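Enquirer: How does the following fold in three dimensions:
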Amino acid sequence: MEMTIHYAKNADDGIEASYLRNLPMVKLLQQETVDVEDWEMLLSSVPSGEDKLFWCLGCTSSLCALDATNFDDWFIYCRTVVDSALEACKIDNAAEERKNLLALGLAARTFNFSANPVTEDLKCADTLRSAGEYACSEDADIFAKWYVLCLFTVYLRLNFNENLRALTSAMGAMNKIRSRYRQIVERLPKMDAC
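Expert: Numbering: from 1, shown residues only. Okay, the predicted model is just below:
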């Protein structure tokens, strides 16, 4: 009796590659140190012509960190992640203002505001304000600035009457970058939890 057996290679290699590609996100969600070498597999998946830093920070910020409970602490942690990503992308001349913008954007995109709403005692409010005013043109910066401005408007609404001028200014800045932000975010891979 003759039998034909069909087979293919198992998924071990694909699983390892997926794990390594998502390692920065996994470490971010667990609030672990993201080392420069942790970005290697994700960087190898950057589409041709894409902004590497945007790709790294955009993919890494695809999920919300439910265990982060203090935004100020989360921002400080996200600054270490941004520093690591900048080094991995070989960007060594980033200004402190840009680093703060990127870190606040990463923090704002991944923080669980539903469980831990913004309050008036936000310690990084001045940094948030200056990041919202940062002039930028790079995709990673526009992407981050959108989330910074979203958070900033929520913060300003806490004392609406006193912050009305700043609030309308921040909303105007959001309107100016909205179209570009939408074009940028469309380039990120879609995440689905399955």
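
Enquirer: What is the longest helix along the chain packed up against?
Expert: As assigned by DSSP state H, the longest helix anywhere in the chain is helix 164-185. With contacts taken as 3 or more Cβ pairs under 8 Å, 6 or more residues apart in numbering; DSSP states H and E, helix 164-185 sits against helix 125-132, helix 139-157. C-beta here means a position set from N, CA and C on the backbone, and glycine is covered the same way.

Enquirer: Out of those, which is closest to Cys78?
Expert: Within the helices and strands packed on helix 164-185, the stretch nearest Cys78 is helix 139-157; the backing value is 10.2 Å (Cβ to Cβ).

Enquirer: which parts of that closest one are buried?
Expert: 139-156 (16 or more other Cβ atoms under 10 Å).

Enquirer: And the contacts of it?
Expert: 51, 53-54, 57-58, 98, 101-102, 104-106, 108-109, 113, 118, 120, 122, 125, 128-129, 131-132, 134, 136, 163, 166-167, 170-171, 173-174, 177-178, 180-181, 184-185 (Cβ atoms under 8 Å, 6 or more residues apart in numbering).

Enquirer: Repeat the analysis, applying 7 Å as the threshold.
Expert: 51, 53-54, 57-58, 98, 101-102, 104-106, 108-109, 118, 122, 125, 128-129, 131-132, 134, 136, 163, 166-167, 170-171, 173-174, 177, 180-181, 184-185 (Cβ atoms under 7 Å, 6 or more residues apart in numbering).
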